[in-house]
Each structure stands twice: as structure tokens, then as C-alpha cells.
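Undergrad: Below is the sequence, then the predicted model.
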Amino acid sequence: AAALTGKASPLSTDEKPNSFEEITNYNNFYEFGTGKEDPARYADAMTIDPWSIEIGGMVERPGSYGVEDLAPDNALEERIYRLRCVEAWSMVIPWIGVPLSSVLNKAGVQPSARFVSFETLMRPEEMRGQSYPILKWPYREGLRMDEAMHPLTILATGLYSDPMPKQNGAPIRLVVPWKYGFKSIKSIVRITLTDKQPFATWQDTAPSEYGFYANVNPEVDHPRWSQATERRIGSGLFGGRQETLKFNGYGEQVASLYAGMDLTKNY
Amino acid sequence: MKRQLNDTLRRLPVWAVWMGGLIPLCLLVWDIFTGGLGVEPVRDVEHRLGRTALYFLIASLAVTPLVRIAGISLMKFRRALGLLCFTYAGLHLLSWVTMDMAFLWSQMVKDVLKRPYLLFGMSALLLLLPLAITSNNLSIRRMGGQAWRKLHKLVYIAAPLVALHWIWALKTFPVTPGFWLIVILTLLGLRVAIPRPLGRGKPKGGLKEVS
């Protein structure tokens, strides 16, 4: 596929991005296995052409949309974001994509819609991990409407100047940089607007460990490990750890979304 | 066949087991210096050391059931296997302290007290420490065989803790460490089920078998 270019964005960090090699060889994508190297090894089996995204629920124009319809070339932006995994490691990734709000506006959000739910492709014959009941397939995630409409939230279709590699969630994936990585669902086939808090796979798997919000928060530990610090991938054998920032450092932009909420309860 | 095997084993010097046992360490060092470790080298160093320690722990636990069931004796190598386990476990801890946690002592202390997976791992290592210290003939003589054997039964507690340490560190229920936990429990269970070598050691003129 042709190279992608995205307009630079003031929302990008000026931190140095991880290498393409690092970003594409250290992934959590349990549809292809639980090992970090499994996605790079096995994601090639996934067919991504043709691809369509079914947008439904409380929208004005429900239907089947192509990736090109939702993220046309002339709308693409480059967003260099920090990514913080719930496993206490992090990267800096130059995504290419469009604001999720632009996609939702295309479909027309009905006033009654309060949440957005997302679903990953379910195709066990191409996604070997789905043959095992590790999680309740298909993978699903959700956002509150204000989170979904936030300018930081994007649907990404590229990485550096490449179309999204399969192990990173080709052809189109969510990126919510102030939340733990598992919220940023990959290889999306369905987007549904609803008035109820949607099913979220990790929350369902271990509700005491993974909440619906999953905002990066050094003050709220995972019950089995600390979230106070993180290892930056690519920092080498003696690169040490760095402090984890609340909302992954995006607090200035997003903290107001959670004003008045007890984040130790709504983790 | 069995006798031949035991004869060969008797001729194999203990240092050969040490040499063989240090191969995984050499391979790891080789990979560190040739960039063979992948994107997150710290995790690879830490996990490979930990896994190797577990394999030697299981090998040392297998010695007794093997001699009782199959009559093959690796007894001569058991000390080396145990000490190799402790060596890798110590390096595993060292890599956690230096590379993963980068000497953040306060977070390490808090974590060990609060996190079950670290608590399991650390207690296992502490249980193995006196075993490693007393793994020499002088200690056996000083302590007396009985007390020494009793002390070394601590490994029965340490081994399942090691498997739990691995299981608790992962997000979903993991197949591989789950498998090793079953292996460990089986090896411990065999000690109870088969308390002496098969076909030997029954009291003379014992009860007639009911058929």
C-alpha cells in the first residue's frame, strides 16, 4: 500500500518516538497469542482487505463504512502519543489517523447516545488466539461519549508513514492516550452508540483489576503490581524506570472529564 | 540397560553437570552482547534466568522419584542441580533489582510486601538460601544427616511458591506455569505415594498380596 502522510498536530508530544521495529515487535494482541512476540509472528494470517466497519445503534446514518470513508487521506493527522500499558511499560508512538469525533459525526450521533462500544474482528480461522477461551471473544471495549468526542481520541490507520501493521491493529484501531493500552481496541469491525455503559473485555475478565475507565493513574495500583513507575521500551538494559504520570501526562487536557469522580473507585 | 545407564552416570563427573548447567547462562550473555534479545531485553534477561532456575529446581526434585520408580540414580548430581537452581534464582533477583527496578529500593520494599507474586518469589528464594548455604559435606557432618535432611525439606514449600510466583505475575491464567505447577505437585506427590524404591525395601515376610 502507498505511504501515508498526516498533518502535524499540536497534540503530539515532542518525546522521541520508539523505532518502528520496537513498536511492531512488542505487542499485546491476544487474538494472536498471549506472548509479546506472537502478534508479529501470527498476525499476517488476518485478512484486512476487504474491510468494513458497521456503525449502528443511536446514530442518524447507520451502515457499513469503509476505512477510506472514515479516515480519508486528506483528513489524516500525525499524532505522536505516549502509550502506557497496564503491565507497567510504555512507548512513544507516531500514529496516523483521524479524530474519533469526526467519524462519529459522519454517522450522526443521536442526543440519547451516552456511550460508544467497539468490537474487534472475530475470525478464529485467521486469529489463532481466538480458539482458546483466554478472553470472552470478540474483544470489546467502550468509551463514555465525552471521552469518545475528546480531541485526543483518534482512530488510527497508520504508523510512521506505513499503513497500520497487522500486529498493531490493522486496518483501523482506537487510540486513547490517557488510558491503559488495552482500552485502545484493535482491528475494529463494529462501532455502536448506546445509552448504557458497554461491555468491556478486560473489565469482564477481572473486574477487580481492570475498570471501565482504565485511566493511567500512578496512585491507583493494579491489585497485583504497582503502577507508580514504568519501563520505557527501548531504554536498554540499564535504562531504569520513570515515574508514571497521572492520565499518562495528558491531565491538562482530560482531567476535567473526571471532575468530582472518585478515581480509586472508578479505576 | 538400567545398570549400563547407572554405570555411565557414575562415570560422569559432577563438573560436567556444572558445565552443562551453565550453558543457558553463556547463551544469555552471548545474546546480550550480540543483540539477540529482542525489543525488551530486561524482560528477556529476567524471564530467562527465572525459567532456568525453575527447570533446575524441578530437575532436583525429580531425582528421588526417578530413583524410586525407574531405579536410575542421579543422586550424585542433585547438589549441583540444586546449586545451579539457586545460582539462576539469585541472578534472576539481581536482574530484577538492577535492571527492572533500577535500585528503586523504597518501591521494591513496598512491592514485595504488597504483591503476592513478589512475595511468593522472595519467600521461595529465602527458603532456598539456607539450603544453598548448607550444600556442602561439612554442613552435613556438623548438622547430622537427620537435621540436614529435615532442613532440606524446605524445598517442598519453595517449589510450589516458585510456580505461583510466575502464575500471579501474568494477566490471564497462563498455561505454561500452570503446567509446571502440576509437574511440581506431581513430583511432591510421588514422594508420598512411593516412599521407597519399587520392588525393594518391603519388610521381609510381609503380608501376602491379596489377589
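TA: Thanks, I have the structure now.
Undergrad: Let me see the contact set for the nearest residue to A:Tyr65 once chain neighbours are set aside.
TA: Once flanking residues are discounted, A:Tyr65 sits nearest to A:Ile53: 5.0 Å by Cβ to Cβ, 6 or more residues apart in numbering or on different chains. (Glycine included, C-beta is placed from N, CA and C.) Counting by Cβ atoms under 8 Å, 6 or more residues apart in numbering or on different chains, A:Ile53 touches A:Ser64, A:Tyr65, A:Gly66, A:Val67, A:Leu70, A:Ile172, A:Ile188, A:Val189, A:Arg190, A:Ile191.
Undergrad: Likewise for B:Leu187?
TA: Each residue near B:Leu187 by Cβ under 8 Å, 6+ apart is listed here: B:Ile58, B:Leu61, B:Ala62, B:Pro65, B:Ala159.
Undergrad: Count residues in the vicinity of the third one, would you?
TA: Same thing as B:Ala62. By other Cβ atoms under 10 Å in any protein chain shown, 18 other residues sit near B:Ala62.
Undergrad: Can the host helix or strand of it be said to contact chain A?
TA: Following DSSP states H and E, one finds B:Ala62 within helix B:41-69. Yes: against chain A, helix B:41-69 shows contacts by Cβ under 8 Å from any Cβ of the partner chain at B:Pro41, B:Val42, B:Arg43, B:Val45.
Undergrad: List the contacts of the second one.
TA: For B:Val42, the contact set (Cβ under 8 Å, 6+ apart) comprises A:Arg231, A:Leu237, A:Gly239, B:Ser95, B:Met99, B:Asp100.
Undergrad: Just the buried residues of the residues you listed.
TA: Among the contacts of B:Val42, those classed as buried by 16 or more other Cβ atoms under 10 Å in any protein chain shown are A:Arg231, B:Ser95, B:Met99, B:Asp100.
Undergrad: any chance of those residues in JSON lines, with secondary structure, distance to A:Ala206 and pLDDT too?
TA: Supplementary listing: these in JSON lines, determined by DSSP: H, G, I helix; E, B strand; the rest coil; distance: Cβ to Cβ, whole Å; pLDDT from 0 to 100:
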{"residue": "A:Arg231", "secondary structure": "strand", "distance to A:Ala206": "22", "pLDDT": "96"}
{"residue": "B:Ser95", "secondary structure": "helix", "distance to A:Ala206": "28", "pLDDT": "97"}
{"residue": "B:Met99", "secondary structure": "helix", "distance to A:Ala206": "28", "pLDDT": "96"}
{"residue": "B:Asp100", "secondary structure": "helix", "distance to A:Ala206": "23", "pLDDT": "95"}
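Undergrad: Which pair of the residues you listed spans the longest distance?
TA: Greatest spatial distance among the buried ones among the contacts of B:Val42 (Cβ to Cβ): A:Arg231 and B:Ser95, at 12.7 Å.
Undergrad: Grab the most central residue of chain A for me.
TA: Among the residues of chain A, the one closest to the centroid is A:Ser184, at 1.4 Å (Cα atoms, centre = their mean).
Undergrad: Next one: that residue from A:Pro163, what distance?
TA: Per Cβ to Cβ, to the nearest Å, A:Ser184 is found 17 Å from A:Pro163.
Undergrad: mind listing which of the contacts of A:Ile53 are in strands?
TA: Counting by DSSP state E, the members of the contacts of A:Ile53 that fall within strands are A:Ser64, A:Tyr65, A:Ile188, A:Val189, A:Arg190, A:Ile191.
Undergrad: Can you read off the pLDDT for B:Gly206?
TA: Predicted confidence (pLDDT) for B:Gly206: 46.
Undergrad: How about the contacts made by A:Ala113?
TA: Residues in contact with A:Ala113 (Cβ under 8 Å, 6+ apart) are A:Gly57, A:Met58, A:Val59, A:Met145, A:Leu193, A:Thr194, A:Asp195.
Undergrad: so which of those is the most crowded?
TA: A:Leu193 (24 neighbours).
Undergrad: Just to be sure, that one is in a strand?
TA: Yes: counting by DSSP: H, G, I helix; E, B strand; the rest coil, A:Leu193 falls inside a strand.
Undergrad: For stretch A:134-145, give me every contacting residue.
TA: So stretch A:134-145 is contacted by A:30-31, A:34, A:109, A:113-122, A:124, A:130, A:153, A:174, A:176, A:182-186, A:197-202, A:204-205, A:212, A:257, B:172 (Cβ under 8 Å, 6+ apart).
Undergrad: where does the chain have low pLDDT?
TA: Going with chain A. Across chain A, the ranges flagged by pLDDT under 70 are A:1.
Undergrad: Wait, chain B was what I had in mind.
TA: For chain B, the stretches with pLDDT under 70 are B:200-211.
Undergrad: Would you mind measuring from the residue sitting nearest the centre point of it to B:Leu81?
TA: Centroid-nearest residue in chain B, with Cα atoms, centre = their mean: B:Leu57, separated by 1.0 Å. According to Cβ to Cβ, B:Leu57 and B:Leu81 sit 8 Å apart.
Undergrad: Just want the residue of chain A that's nearest chain B.
TA: Proximity of chain A to chain B (Cβ to the nearest Cβ) peaks at A:Gly240, 3.4 Å away.
Undergrad: got a list of what that residue touches?
TA: The contact partners of A:Gly240, by Cβ under 8 Å, 6+ apart, come to B:Ala102.
Undergrad: Can I take it that it is in a strand?
TA: No: looking at A:Gly240 with three-state DSSP, it is coil, so not inside a strand.
Undergrad: Format the CA atom coordinates belonging to the longest helix along chain A as CSV.
TA: What stands out as the longest helix in chain A, according to DSSP state H, is helix A:100-107. Coordinates of each C-alpha in helix A:100-107 appear next as CSV, following Å, rounded to 0.1, in the frame of the first residue of the first chain:
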residue,chain,number,x,y,z
LEU,A,100,-12.9,9.7,16.5
SER,A,101,-15.3,12.6,16.8
SER,A,102,-15.1,13.2,13.1
VAL,A,103,-16.1,9.6,12.5
LEU,A,104,-19.0,9.7,14.9
ASN,A,105,-20.2,13.0,13.4
LYS,A,106,-20.2,11.3,10.0
ALA,A,107,-22.6,8.8,11.3
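Undergrad: what's the angle from it to strand A:188-194?
TA: On the basis of axes from the mean of the first three to the mean of the last three Cα atoms, to 10 degrees, helix A:100-107 is oriented at 70 degrees to strand A:188-194.
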